[in-house]
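S.K.: How does the following fold in three dimensions:
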Amino acid sequence: MTITLPAPEELVAPAASRTGVPRIVGAGTATTENSYSQRELLDILGVTDPRVRSVFLNGAIERRHLVLPPPDAAGDRPVETQGELLAKHRTHALAMGTNAVRACLENAGLGPADVDYLCCVTTTGFLCPGLSAHLVRDMGLRPGVGRVDVVGMGCNAGLNALNTAAGWAAGNPGKVAVVLCTEACSAAYVVDDTMRTAVVNGLFGDGAGAVALIADPPEAAAGPAPGPRVLGFASHLIGDAIDAMRYDWDDAQGKFSFYLHPDIPYVVGANVEHVVDRLLGGAGLRRSDIRHWLVHSGGKKVIDAVRVNLGLTRHQVRHTIGVLRDYGNVSSASVWFSYERLLDEGVTSPGEYGVLMTMGPGSTIETALVQW
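M.R.: Sure thing, here's the model as predicted:
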């Protein structure tokens, strides 16, 4: 009997030829059940300070989804302990996350059994085991799914997770990677009469967003395919502003409290050109080559600072503005709400480029380049 062995080059293909080009093939979002107008929230919280009311009413936000404690017999809202806030995060981050992943998979024509890798992002609470383990169990994902939990990176983390998942997908062509960002911002609130908490309480809302990625096998024929290719990433850490956005322990309140420095919009604006030009320069592109801009809905002043420094029109950041108006800042999930709105609009064409941008603690600016 003669046994013919494969040629050496057939045994193990070079690494470069085994990598694929990752594409975003599905997207989905979810929120908690109840939404409130800014005026409703001021009444519910009993806010009378004109400075605080101005923060709520002049931030270009109309409604936000939040989970508020039910009123007691006297009609007052009880103050939640840190333990109660953590329990709220576990309940609602998981519920929103499950709904967002299901919507994403349905949008991609996939099911839970198709998921091979899961990256879960949150900043509004802590679980051990993490969200990914709970989702594998609750959604019936295969127990052999690869998974990672990203905790504490803040609003920018959606693109950090996309970077990680795109790298995994590129090394595993044809397999499905899912990124989930789920932020129960209701579980990160401290309610008092300070301007520090007023800025936070007037801005953030509950939300979750998920995207699915699959890398085209290297031998796949070129041509139109669903979803944009993920071409690259660029990051910028503003070390001098490391404490300008932070989530730390407040001894007086006995819970964690988020802090936003009032100069953050200007810090981001002053640095945004550097990272965007580096992202585009690596691909031989200019800003005028970008058809679609999806910027984190960090707040009215942040959006304006980015828009002015990059020379963008309000129309170019319409999805960002719309998400802020309808949901507030939903932290790391914000970029996926804007992405879903772009898809629903149906205006992308093959060959067009898009830039995704998020900002958060560090202070950090994250960017990604995609092409349809």
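S.K.: can you list the weak-confidence ranges in the stretch 151-300 of the chain?
M.R.: Within the stretch 151-300 of the chain, the stretches with pLDDT under 70 are 218-225.
S.K.: where along it do the strands fall?
M.R.: 176-183, 207-216, 229-237, 245-250, 255-260, 290-295 (DSSP state E, counting those that start in this stretch).
S.K.: who wins for proximity to V190 among those?
M.R.: Closest to V190 of these is strand 255-260 (Cβ to Cβ; 4.5 Å). Every residue, glycine included, has its C-beta placed from N, CA and C.
S.K.: How about residues contacting that closest one?
M.R.: For strand 255-260, the external contacting residues (Cβ atoms under 8 Å, 6 or more residues apart in numbering) are 81-82, 85, 188, 190, 196-197, 199-200, 203-204, 244-250.
S.K.: tell me the angle it makes with strand 245-250.
M.R.: For strand 255-260 against strand 245-250, the angle by axes from the mean of the first three to the mean of the last three Cα atoms, to 10 degrees is 150 degrees.
S.K.: Give me the buried entries from the contacts of strand 255-260.
M.R.: Burial by neighbour count, 16 or more other Cβ atoms under 10 Å: within the contacts of strand 255-260 this picks out 85, 188, 190, 197, 199-200, 203-204, 244-245, 250.
S.K.: What is the helix ranked longest in the chain packed up against?
M.R.: Ranked by residue count and defined by DSSP state H, the top helix of the chain is helix 82-108. Secondary structure elements in contact with helix 82-108, counted by 3 or more Cβ pairs under 8 Å, 6 or more residues apart in numbering; DSSP states H and E, are strand 21-30, strand 115-122, helix 131-139, strand 176-183, strand 207-216, strand 255-260.
S.K.: Please identify the deepest-packed of the ones you listed.
M.R.: Ranked by mean neighbour count, the helices and strands packed on helix 82-108 are led by strand 176-183 with a mean of 31 (mean count of other Cβ atoms under 10 Å).
S.K.: What angle do strand 207-216 and that one make with each other?
M.R.: 160 degrees.
S.K.: Pull up the pairing partners for strand 176-183, direction included.
M.R.: The pairing partners recorded for strand 176-183 under DSSP bridges are strand 115-122 (parallel), strand 207-216 (antiparallel).
S.K.: next one: it to chain centre, how far?
M.R.: Remark: strand 176-183 is offset 9 Å from the chain centroid, using Cα atoms, centre = their mean, to the nearest Å.
S.K.: Let me know which of the strands paired with strand 176-183 is the nearest to V151.
M.R.: V151 lies closest, by Cβ to Cβ, to one member of the strands paired with strand 176-183: strand 115-122, at 6.1 Å.
S.K.: Just the CA trace of that closest one, in PDB.
M.R.: Output of strand 115-122 as PDB, limited to C-alpha atoms (Å, rounded to 0.1, in the frame of the first residue of the first chain):
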ATOM      1  CA  VAL A 115     -21.800  32.400  18.100                       C
ATOM      2  CA  ASP A 116     -18.200  31.400  18.500                       C
ATOM      3  CA  TYR A 117     -16.800  34.300  20.400                       C
ATOM      4  CA  LEU A 118     -18.400  36.800  22.800                       C
ATOM      5  CA  CYS A 119     -16.900  40.100  24.100                       C
ATOM      6  CA  CYS A 120     -19.100  41.900  26.700                       C
ATOM      7  CA  VAL A 121     -18.500  45.500  27.800                       C
ATOM      8  CA  THR A 122     -19.900  47.400  30.800                       C
END
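S.K.: Identify the bridge partners of S37.
M.R.: R63.
S.K.: sorry, back to before: using TSV, please lay out the strands of the stretch 151-300 of the chain together with distance to S37.
M.R.: Below are these laid out as TSV (distance: least, Cβ to Cβ, whole Å):
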stretch	distance to S37
strand 176-183	20
strand 207-216	17
strand 229-237	36
strand 245-250	26
strand 255-260	22
strand 290-295	24
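S.K.: Which one, of those strands, ends up nearest to V52?
M.R.: Short answer: strand 255-260, nearest of these by Cβ to Cβ, at 14.4 Å.
S.K.: Would you mind writing the CA trace of the closest one as CSV?
M.R.: Taking Å, rounded to 0.1, in the frame of the first residue of the first chain, the C-alpha atoms of strand 255-260 are listed here in CSV:
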residue,chain,number,x,y,z
LYS,A,255,-21.1,54.3,46.8
PHE,A,256,-19.3,54.8,43.5
SER,A,257,-19.8,58.1,41.7
PHE,A,258,-19.0,59.3,38.2
TYR,A,259,-17.2,62.6,37.6
LEU,A,260,-17.0,64.7,34.4
